[in-house]
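Colleague: The sequence and its predicted three-dimensional model are supplied below.
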Amino acid sequence: MISSKREKLDPESLLELLRTKKKAVDRVIREHLPETHDVPEIDLLYKMMMDYPSRGGKGLRSALCLLTCQALGGKEESAYLTAAAMEILQNWVLIHDDIEDDSEMRRGDPVLHRRYGIPLTINAGDALHVKMWGILLQNEKILGKQITLAVLREFLWMTRETTEGQHLELSWVRNNRWDLQEEDYFLMCEKKTSWYTCTSPMRLGGIIAGAKEEILSPLFSLGRDLGIAFQIRDDILNLLGNEDKYGKETMGDLWEGKRTLLIIRLLNLVPETEERHKILRIMSQPRGQKQNEDMNFILDSMKKLHVFDYGNSRADELAKSAFSVFDKVFENPSNDSANVALRSLLEFMVNRDW
């Protein structure tokens with residue numbers, strides 16, 4: 001785990017800060033999402049659009065945007081619309097992602113399509129996607145045309161990268177590919193996770209603060225490494241975490257046949273034996289054909305070969321690399337308290353146990 005001797009917020013203070021940021025962003029979301037309609041069917045659509053945004057969560061991405069904006073000398077209020085759009089993006093992506101992965105749980109409750117069916121749920125995700133762009137266009141009143149266009153371009157770039165990463169992962173499952181190496185996983189994570197979890201939230205905050213390119217450019221490598229470290233921790237928590245704290249189905253990655261760093265490492269360590277063939281046979285099966293004992297067999301194999309220790313060490317290496325960049329970019333922050341909070345949040349993200 002990454003630790004730092006630098007000044008940082010204690011866990012409770014950081015969580016309180018996150019709650020405060022999220023409360024402000026949630027207020028903006030509620031102001032911009034429709035609530036009721038006289039036509040019952042459309043009223044249901046509005047309720048479905050508010051479902052995931054109402055389920056809680058930490059609001060990490062919006063907080064990164066707000067804190068980066070502050071640390072680079074911008075006003076938090078000027079980033080509220082963009083931060084709200086980041087949360088909307090997170091939610092419509094998750095709605096579609098849960099369908100594509102045939103997931104069961106999201107933030108402690110059944111996923112949306114288990115409640116309402118796939119067609120209505122896809123449409124609700126589409127409606128949120130459209131609303132995201134509508135919120136971003138309203139930035140023109142606050143930020144002016146030039147910065148608003150820069151924000152829109154960043155969202156387009158982020159969305160393209162994220163969907164390419166999702167396509168990579170889905171294609172591996174569709175084509176039953178198991179000849180993957182660590183670099184394949186890192187590329188997928190860079191696109192699917194890093195861009196919308198770290199890179200673009202921080203770049204958006206910088207863009208709104210008026211940061212120059214010499215500040216914005218290093219955020220590519222900073223966000224890449226942090227995002228991959230974040231995803232590795234998430235993969236570990238998916239298998240070892242407490243479901244009540246984690247908010248998603250534990251061992252869901254095994255049930256869904258995900259190509260994580262952990263399963264890639266396991267397959268690289270297990271020789272051509274019956275054990276390896278059994279692992280591949282289990283992981284290649286559709287979800288409905290897998291059994292609990294299959295999941296436990298793979299989990300035991302990972303523990304036996306210290307796969308989780310390896311995953312944690314790789315996450316630590318990536319986080320260390322990222323923070324070396326962070327300390328150069330934010331060497332002379334415009335807002336010291338925001339800088340401390342931002343670094344504390346990033347450490348929290350790569351060290352979390354939820």
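Modeller: The structure has been received and is ready for your questions. Numbering: from 1, shown residues only.
Colleague: so what does the helix ranked longest in the chain touch, helix or strand wise?
Modeller: Longest helix in the chain, counting residues (DSSP state H): helix 140-174. Here helix 140-174 touches helix 80-100, helix 118-137, helix 182-189, helix 200-209, going by 3 or more C-beta pairs under 8 Å, 6 or more residues apart in numbering; DSSP states H and E. Any C-beta I mention is one placed from the backbone N, CA and C, and that applies to glycine too.
Colleague: Return the most buried member of these.
Modeller: helix 200-209 (a mean of 28; mean count of other C-beta atoms under 10 Å).
Colleague: which residues touch that helix?
Modeller: 61-62, 64-74, 78-79, 82, 86, 143, 147, 150-151, 154-155, 157-158, 215-216, 219, 222-223, 334 (C-beta atoms under 8 Å, 6 or more residues apart in numbering).
Colleague: Can you tell me which of these are buried?
Modeller: Applying 16 or more other C-beta atoms under 10 Å to the contacts of helix 200-209, the neighbour count classes 61-62, 64-72, 74, 78-79, 82, 86, 143, 147, 150-151, 154-155, 158, 215-216, 219, 222-223 as buried.
Colleague: still on that earlier bit, buried sites along the longest helix of the chain?
Modeller: Neighbour count says helix 140-174 has 140, 142-143, 147-148, 150-152, 154-155, 158-159, 161-162, 165-166, 168-169, 172-173 buried, by 16+ other C-beta under 10 Å.
Colleague: Residue 253 reaches residue 236, doesn't it?
Modeller: No. Using C-beta atoms under 8 Å as the test, residue 253 is too far from residue 236 to be in contact (9.9 Å).
Colleague: Tell me how far residue 26 lies from residue 216.
Modeller: To residue 216, residue 26 is 28 Å away according to C-beta to C-beta, to the nearest Å.
Colleague: Same check on residue 269?
Modeller: Counting by C-beta to C-beta - residue 269 and residue 216 are separated by 40 Å.
Colleague: Contact partners for residue 33?
Modeller: 46, 49, 50, 53, 131.
Colleague: same thing but at 6 Å, please
Modeller: Contact analysis of residue 33 by C-beta atoms under 6 Å, 6 or more residues apart in numbering lists 49, 50.
Colleague: after the helix or strand bottoming out on mean pLDDT in the chain, next one along is what?
Modeller: Lowest mean confidence among the helices and strands of the chain (mean pLDDT, DSSP states H and E): helix 243-246, at a mean of 58. Remark: after helix 243-246, the chain's next helix or strand is helix 252-255, criterion DSSP states H and E.
Colleague: I'd like the average pLDDT over that next one.
Modeller: Helix 252-255 shows an average pLDDT of 92 in the prediction.
Colleague: Check stretch 308-323 too.
Modeller: 98.
Colleague: contacting residues around it?
Modeller: By C-beta under 6 Å, 6+ apart, stretch 308-323 touches 2, 222, 225-226, 228-229, 232-233, 236, 261-262, 265, 350.
Colleague: Restricted to helices, list the residues you listed.
Modeller: Going by DSSP H, the helices hold 222, 225, 226, 228, 229, 232, 233, 236, 261, 262, 265, 350 from the contacts of stretch 308-323.
Colleague: tally of neighbours for the third one?
Modeller: Burial measure for residue 226: 30 neighbouring residues, criterion other C-beta atoms under 10 Å.
Colleague: State the distance from it to residue 259.
Modeller: For residue 226 relative to residue 259 (C-beta to C-beta), the value is 21 Å.
Colleague: next one: the first one
Modeller: Computed as C-beta to C-beta, the residue 222 to residue 259 distance reads 25 Å.
Colleague: pLDDT score for residue 247?
Modeller: For residue 247, pLDDT reads 56.
Colleague: Flag the shaky bits of the stretch 151-300 of the chain, pLDDT-wise.
Modeller: By pLDDT under 70, the low-scoring segments of the stretch 151-300 of the chain are 242-248.
Colleague: The nearest residue to residue 202 once chain neighbours are set aside: what's it in contact with?
Modeller: Leaving aside its sequence neighbours, residue 202 sits nearest to residue 68 (C-beta to C-beta, 6 or more residues apart in numbering; 4.5 Å). Contacts for residue 68 (C-beta under 6 Å, 6+ apart) come out as 202, 205, 206.
Colleague: out of the residues you listed, which one sits closest to residue 276?
Modeller: Nearest to residue 276, judged by C-beta to C-beta, of these is residue 202 at 40.6 Å.
Colleague: any idea how far that closest one lies from residue 108?
Modeller: Where residue 108 is concerned, residue 202 sits at a distance of 28 Å (C-beta to C-beta).
Colleague: Also residue 331?
Modeller: 40 Å.
Colleague: now swap in residue 339 and tell me
Modeller: Distance of residue 339 to residue 108, computed by C-beta to C-beta: 33 Å.
Colleague: neighbour-wise, which of those two wins?
Modeller: residue 339 (22 against 13).
Colleague: Identify the residues contacting residue 252.
Modeller: Contacts of residue 252 (C-beta under 6 Å, 6+ apart): residue 238.
Colleague: could you redo the last one with a cut-off of 10 Å?
Modeller: For residue 252, the contact set (C-beta atoms under 10 Å, 6 or more residues apart in numbering) comprises 101, 102, 103, 104, 105, 238, 239, 243, 246, 258, 287, 295.
Colleague: Now, of the residues you listed, which are buried?
Modeller: By 16+ other C-beta under 10 Å, the contacts of residue 252 give 101, 102, 103, 105, 238, 239, 246, 258, 295 as buried.
Colleague: got a markdown table for those, with distance to residue 198 and secondary structure too?
Modeller: As requested, the buried ones among the contacts of residue 252 are exported to a markdown table (distance: C-beta to C-beta, whole Å; DSSP: H, G, I helix; E, B strand; the rest coil):
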| residue | distance to residue 198 | secondary structure |
| --- | --- | --- |
| 101 | 22 | coil |
| 102 | 27 | coil |
| 103 | 23 | coil |
| 105 | 24 | strand |
| 238 | 19 | helix |
| 239 | 22 | helix |
| 246 | 20 | helix |
| 258 | 20 | coil |
| 295 | 30 | helix |
